[in-house]
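In: Dropping the sequence and predicted coords here.
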Amino acid sequence: MASTDDKGRAPCVAILSAVLDMEYLAVAFREAHPGIDLRLGEELGALDQIEAVVCWFPPHGLLARMPKLRLVQSLAAGIEHIPADAELPRQVPLCRIVDTGMAAGMKAYVCWAVVQQHRGMRAYVASSAARRWEEQPIVSPRHHRVGIAGLGTLGMACAEALAAIGYPVRGWSRSAKEALPAGVEGFHGAAQLDEFLSGCDTLVCLLPLTAETHGFLDAALFAKLPRGAHLINVGRGDHLVEADLQPALDAGQLSAATLDAFSQEPLPPDHPFWGDPRILVTPHIATRTDSLVIARQTLDNLASLRQGRRPANQVDLARGY
Ligand code: NAP
C-alpha cells in the first residue's frame, strides 16, 4: 500500500463525485492510511499536489487540471461515468474495482432474481399475507435456461452460482471462453448472439456500458428471446431502451422484468415502471463494495504506479471496459 514516496510524502488522494456525498469513503481512506493527505468535496486545495482520484461521476474538466495525476480509480466495477468527461487525461491509468465481496453480492442478487420469478415467490408473499395455503406450479430448474450477457468477472460468478443450483446456464461475451465451468455453455460475438438469445428463458444483462452495448436491450432483442422470457438488468440503465419494455410485456413477449439500474437514478416518481406489477424495481443495490476494499485497492494501485509497476484492473479505454 502507498505509505510515503521516496521524498517521505504521504499519498495525496482526492475523492470526487458530482452526484454523491462521499464522506463515507473518506472514513475508509483514513482508516486504511491514517496519515493520508485526503481531499474531498469543495476543499481540494492545490490541484497540482493530487496524485490519485477515486471517482463516481466526477465533475467534468477537473481531472484535466491535475498535472501530477498518476491514477484515476473508479469506485465501481463499471467506469463509463469517467470517460463521459471529454477532458479526461486519457494517458493516466484508469482502474476499476474487482472484488470477491462485490461478486458475492451480485451472485446472491441474480440467484434471488431468477428464483423469485421462476418459482413465483411474489405470489407466496400475497398468499401468506392472505393466510392462503396455495402452491404455485413448480418447474424444475433443469427446464429453465438462464442466459448471461457479459461473461466477465461478475457474469462468470453468477453463471457458476446458477449452475450450482441446477439451472442450465449459457453466457455471451465478446471473445470466446475456454474451460467454462460445468453446466455453462459459451457463446461469443455478434454472430452467435441470436443463437444465445433463443435459449434464454431468463436473460441477465451484466455487460459494461460501452458505445457497443448502449441500448442492447431493445424490442429487436426481446423478439429473439423465447416467448414469455424474464429480463433481469443488473448492468446499467442505458443498456435498456426503456420505451421498448412495457410494449414487450403487453405483447407477452416478456413476462416480467427485474431491474436494478435505470437511465435516470433515482427513478423519477412519475416513471411508468413504478407500480407495474410485471416490473420489480430495486434501487441500484444488486451489490456494493466495502469502502475499505475501495480504499485499499486505490492505495495499492497508487503504490504500484509510484514504483513504476502496472496497477491492478486497469481498463482498456479504447475498448471501453
Ligand atoms: P467485466 O469483467 O469487464 O466483464 C464484462 C463482460 O462483458 C466480458 O465478458 C466481456 O467480454 C463482455 N462484453 C463487453 N462488451 C461486449 C460486447 N460488445 N459484446 C459481447 N460481450 C461484451 O465486467 P464485470 O466486472 O463483470 O462488470 C460488468 C458490469 O456490471 C459493470 O460494467 C457494471 O455496469 C455492472 N455492475 C452493476 C452493479 C449493480 O449493483 N447493479 C454492480 C457492479 C457492476 P470479454 O470477456 O470477451 O471481454
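Out: Received, thanks.
In: what about His33, how many neighbours?
Out: When neighbours are counted by other CB atoms under 10 Å, His33 registers 22. No exception for glycine: its C-beta is placed from N, CA and C like everyone else's.
In: What sits closest to it if chain neighbours are left out?
Out: Leu299 (5.8 Å; CB to CB, 6 or more residues apart in numbering).
In: Before we move on, what's the pLDDT of that neighbour?
Out: Leu299 carries a pLDDT value of 98.
In: Please, which helix or strand holds it?
Out: Element membership of Leu299 [criterion: DSSP states H and E] is helix 291-306.
In: Restricting to C-alpha, output that helix in PDB.
Out: In PDB, the C-alpha atoms belonging to helix 291-306 read as follows (Å, rounded to 0.1, in the frame of the first residue of the first chain):
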ATOM      1  CA  SER A 291     -15.400   1.000   1.300                       C
ATOM      2  CA  LEU A 292     -12.200  -0.300   2.900                       C
ATOM      3  CA  VAL A 293     -11.700  -2.500  -0.200                       C
ATOM      4  CA  ILE A 294     -12.000   0.600  -2.400                       C
ATOM      5  CA  ALA A 295      -9.500   2.500  -0.300                       C
ATOM      6  CA  ARG A 296      -7.000  -0.400  -0.200                       C
ATOM      7  CA  GLN A 297      -7.200  -1.100  -3.900                       C
ATOM      8  CA  THR A 298      -6.700   2.600  -4.700                       C
ATOM      9  CA  LEU A 299      -3.700   2.900  -2.400                       C
ATOM     10  CA  ASP A 300      -2.200  -0.300  -3.700                       C
ATOM     11  CA  ASN A 301      -2.600   0.900  -7.200                       C
ATOM     12  CA  LEU A 302      -1.000   4.300  -6.300                       C
ATOM     13  CA  ALA A 303       1.900   2.400  -4.700                       C
ATOM     14  CA  SER A 304       2.400   0.300  -7.800                       C
ATOM     15  CA  LEU A 305       2.500   3.400 -10.000                       C
ATOM     16  CA  ARG A 306       4.900   5.200  -7.700                       C
END
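In: Need the residues that contact it.
Out: Contacting residues not belonging to helix 291-306 are listed as 1-3, 5, 11, 13, 24-25, 27-29, 31-33, 36, 51-52, 54, 70-71, 73, 75, 93, 95, 97, 99, 101-102, 310-313 [CB atoms under 8 Å, 6 or more residues apart in numbering].
In: Take the residues you listed and keep only those in strands.
Out: Val13, Ala52, Val54, Leu71, Gln73, Cys95 (DSSP state E).
In: could you redo those as CSV and give each row distance to the ligand and pLDDT?
Out: What follows is the ones in strands among the contacts of helix 291-306, written out as CSV (distance: CB to the nearest ligand atom, whole Å; pLDDT from 0 to 100):
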residue, distance to the ligand, pLDDT
Val13, 22, 98
Ala52, 21, 98
Val54, 16, 97
Leu71, 19, 98
Gln73, 15, 98
Cys95, 12, 98
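In: Are any of those residues buried, and if so which?
Out: Val13, Ala52, Val54, Leu71, Gln73, Cys95 (16 or more other CB atoms under 10 Å).
In: if I read this right, the last one contacts Arg310, doesn't it?
Out: No - under the criterion of CB atoms under 8 Å, Cys95 is not in contact with Arg310, lying 9.8 Å apart.
In: picking that back up, so how far is the helix holding Leu299 from its chain's centroid?
Out: 20 Å (CA atoms, centre = their mean, to the nearest Å).
In: Go through that helix and flag the buried ones.
Out: 291, 293-306.
In: Close to the ligand as well: tell me which of those qualify.
Out: Among those, not one lies near the ligand by CB under 6 Å from any ligand atom.
In: Go through the residues you listed and say which is closest to Gly61.
Out: For the buried residues of helix 291-306, the residue nearest Gly61 by CB to CB is Thr298; the value is 21.7 Å.
In: Output the set of residues of the stretch 101-250 of the chain in proximity to the ligand.
Out: So the stretch 101-250 of the chain meets the ligand at 150-155, 172-175, 206-210, 212-213, 234-236 (CB under 6 Å from any ligand atom).
In: again, only using 5 Å
Out: 150-154, 173-175, 206-208, 212, 234-236 (CB under 5 Å from any ligand atom).
In: In space, what's closest to Thr4 - neighbours in sequence excluded?
Out: Ala10 (5.7 Å).
In: so that neighbour sits right up against Phe29, yeah?
Out: No - Ala10 is not in contact with Phe29 according to CB under 8 Å; the separation is 11.2 Å.
In: now the strands for the stretch 51-200 of the chain?
Out: 52-56, 71-74, 94-95, 146-149, 169-173, 184-188 (DSSP state E, counting those that start in this stretch).
In: Name the stretch among those that sits most buried.
Out: strand 146-149 (a mean of 27; mean count of other CB atoms under 10 Å).
In: Please state the mean pLDDT value computed over it.
Out: Here the average pLDDT along strand 146-149 is 98.
In: Only alpha carbons, please: show it as CSV.
Out: Only the C-alpha atoms of strand 146-149 are listed here, as CSV (Å, rounded to 0.1, in the frame of the first residue of the first chain):
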residue,chain,number,x,y,z
VAL,A,146,-30.7,-18.7,-17.9
GLY,A,147,-28.5,-16.7,-20.2
ILE,A,148,-26.0,-14.1,-19.0
ALA,A,149,-25.0,-11.4,-21.4
